[in-house]
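A.B. asks: Sequence and predicted model, in that order:
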Amino acid sequence: MTELEFLKRIENEILHRQSIKESINEKVVPSLVSCSLEKKTMEVVYKVTQWTRNSFGVMQGGIIATIFDITMGILCKIYSDAEKTPTITLNVTYARPVEINKDLHIKADIIYLGETIINVTGEAWVEQEDKCTVATAVGTFFRVKS
């Protein structure tokens, strides 16, 4: 796979997921910022909208976890050329709140790619706040080959 093919496959996977009606993927839609086949990484950005707020008026932590899961899962699926990559574990650490109407960036990095297991790390930051980390994640995904 070339870098351009990697980019196109990620873009197509994002489009496919957002076309699934009445799903979380329809509501939480990433925009691709960058990706690197060589570095096994991708960065996306999400708009933090009103429906994601909790009772404190900031982005609900479960939505942040979901965004990590979606982003890391897309990277695992496309990089490993798997049919699907269900989540085995996802550990999210929250550092600070994410305000509504901001741009939340997620960067995912594959740190281990085995025959059936993929380990990934993630970092989230808000562009409008000097790129200060708001959350980190570590995930393990199962590689289902086609």
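C.D. replies: Right, received. Where do you want to start?
A.B. asks: Write down the beta-bridge partners of the nearest residue to V98 once chain neighbours are set aside, one by one.
C.D. replies: Leaving out its chain neighbours, the residue that sits closest to V98 by Cβ to Cβ, 6 or more residues apart in numbering is M59, at 3.9 Å. C-betas here are computed from N, CA, C, even on glycine. Taking DSSP bridges as the rule, M59 bridges to R53.
A.B. asks: which residue is nearest the middle of the chain?
C.D. replies: Nearest to the mean C-alpha position of the chain, by Cα atoms, centre = their mean, lies T71 at 1.6 Å.
A.B. asks: buried residues in the lengthiest helix in the chain?
C.D. replies: For the chain, the helix that runs over the most residues, judged by DSSP state H, is helix 61-80. If you call a residue buried by 16 or more other Cβ atoms under 10 Å, then helix 61-80 has these buried ones: 63-80.
A.B. asks: which is the next helix or strand following that helix?
C.D. replies: strand 87-94 (DSSP states H and E).
A.B. asks: so what strands line up beside that next one?
C.D. replies: In the sheet, strand 87-94 lines up against strand 133-142 (antiparallel) (DSSP bridges).
A.B. asks: now the partner strand: mean pLDDT?
C.D. replies: The average pLDDT within strand 133-142 is 97.
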